[in-house]
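Asks: Any chance you can model this:
(one chain, ligands or ions: 1)
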Amino acid sequence: MSHTAVPDDHPRSASLRTRHRIEAGIDAGITSRQGLIAEGRGEAFDYLIGERTIESAAAAERAAAAHLLRAESPVVSVNGNVAALAPEAVVDLADATGAAIEVNLFNRTEARMDAIADHLRDHGASEVKGLTADARIPGLSHERGKVDADGIHAADVVLVPLEDGDRAAALAEMGKTEIVVDLNPLSRSPQAAAVPVVDNLVRALPAITEHARDLRDRPEEWDAIIEGFDREAALADAERAIRSGQLE
Ligand code: ATP
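Replies: All right, here's what the predicted structure looks like:
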């Protein structure tokens, strides 16, 4: 179904548009075919959570913004689904927080790396990291562990919207403060994160940006927001919302 064929009053219009973006990402060489499966899993969880930002996710988004603002070297990691779904939101978030943008792929090919970097530049990114790949995340195989020495490798805070479980665990093992956006609270990536954001990334990224703009000039509030966030409670609340399935 094409973008223009989705009427606004269709009950699933938002998720149909999102799906179309992934399809277009595959056609453009940005998203891998496995990205379609990840999208399907995400849609199922989003349906059960009511396609809304639950309160505990909103608290996580505010904590994520405070972490990114307080960081010395924050990085936003971008894969094929993120690039297809929310390129403007990634650039805007990096702009609001001073974070670098790094392309980081599970199925890394030079062609896809270049296509994603070009796509992000087309949406206003001034610098895109990930192409140098002169450092490794310890504990991962060669291709999957490739990162930039002055990017993710050196980062103190990393935002990984949609990360594979192994890599999320390996980044946490390196001592990085990890912010993960994932609609499945039981997935290993949010379980490994200091800040699990159980929300659709198309809602989460603009929300984090909004919080960052709000908090940017109030550094005295950052520590309290970060310390006041309870990751276990947020994961449990998301699981409860999904299992109870009270759709709006
Ligand atoms: P694990 O972390 O347990 O290893 P996985 O990485 O194997 O899980 P995938 O099959 O790669 O999980 O699925 C991708 C994950 O991303 C799923 O948990 C899915 O809910 C989530 N996801 C997909 N699209 C979105 C989205 N737009 N916003 C937030 N989360 C999403």
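Asks: residue contacts, Arg188?
Replies: Listed by C-beta atoms under 8 Å, 6 or more residues apart in numbering, the contact set of Arg188 reads 165-166, 168-169. Backbone N, C-alpha and C define where each C-beta goes, glycine included.
Asks: how about 7 Å then?
Replies: Going by C-beta atoms under 7 Å, 6 or more residues apart in numbering, Arg188 touches 165, 168-169.
Asks: ok, now how distant is it from Val195?
Replies: As for Arg188, its distance to Val195 is 15 Å (criterion: C-beta to C-beta, to the nearest Å).
Asks: Only whichever of the contacts of Arg188 are buried, select them in PyMOL.
Replies: Buried subset of those, written as a PyMOL selection, criterion 16 or more other C-beta atoms under 10 Å:
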select buried, resi 168+169
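Asks: Let me know the closest of the contacts of Arg188 to the ligand.
Replies: Gly165 (2.8 Å; C-beta to the nearest ligand atom).
Asks: Would you agree the closest one is in contact with Ser187?
Replies: Yes. The pair Gly165 / Ser187 is scored as a contact, 6.4 Å apart, by C-beta atoms under 7 Å.
Asks: Without its sequence neighbours, what residue ends up closest to the residue nearest the centre of the chain?
Replies: Geometric centre of the chain, nearest residue: Pro161, 1.4 Å, by C-alpha atoms, centre = their mean. Leaving out its chain neighbours, the residue that sits closest to Pro161 by C-beta to C-beta, 6 or more residues apart in numbering is Val181, at 3.9 Å.
Asks: count of residues packed around the one you found?
Replies: A count of neighbours around Val181, defined by other C-beta atoms under 10 Å, yields 30.
Asks: please renumber so the chain begins at 10
Replies: Noted, 10 is the first residue going forward, which turns the last one into Val190.
Asks: Enumerate every residue touching it.
Replies: By C-beta under 7 Å, 6+ apart, the neighbours of Val190 are 170-171, 206, 208, 210, 213.
Asks: Would you check how far apart Pro147 and Gly174 are?
Replies: Taken as C-beta to C-beta, the span from Pro147 to Gly174 is 16 Å.
Asks: which stretches of this protein form strands?
Replies: Under the criterion DSSP state E, the chain contains strands at 83-87, 109-112, 137-138, 144-145, 155-156, 166-170, 186-190, 204-206.
Asks: mind checking which of the ones you listed is nearest the ligand?
Replies: Of the strands of the chain, nearest to the ligand by C-beta to the nearest ligand atom is strand 186-190, at 5.3 Å.
Asks: If you compare the directions of that closest one and strand 166-170, what angle comes out?
Replies: 20 degrees (axes from the mean of the first three to the mean of the last three C-alpha atoms, to 10 degrees).
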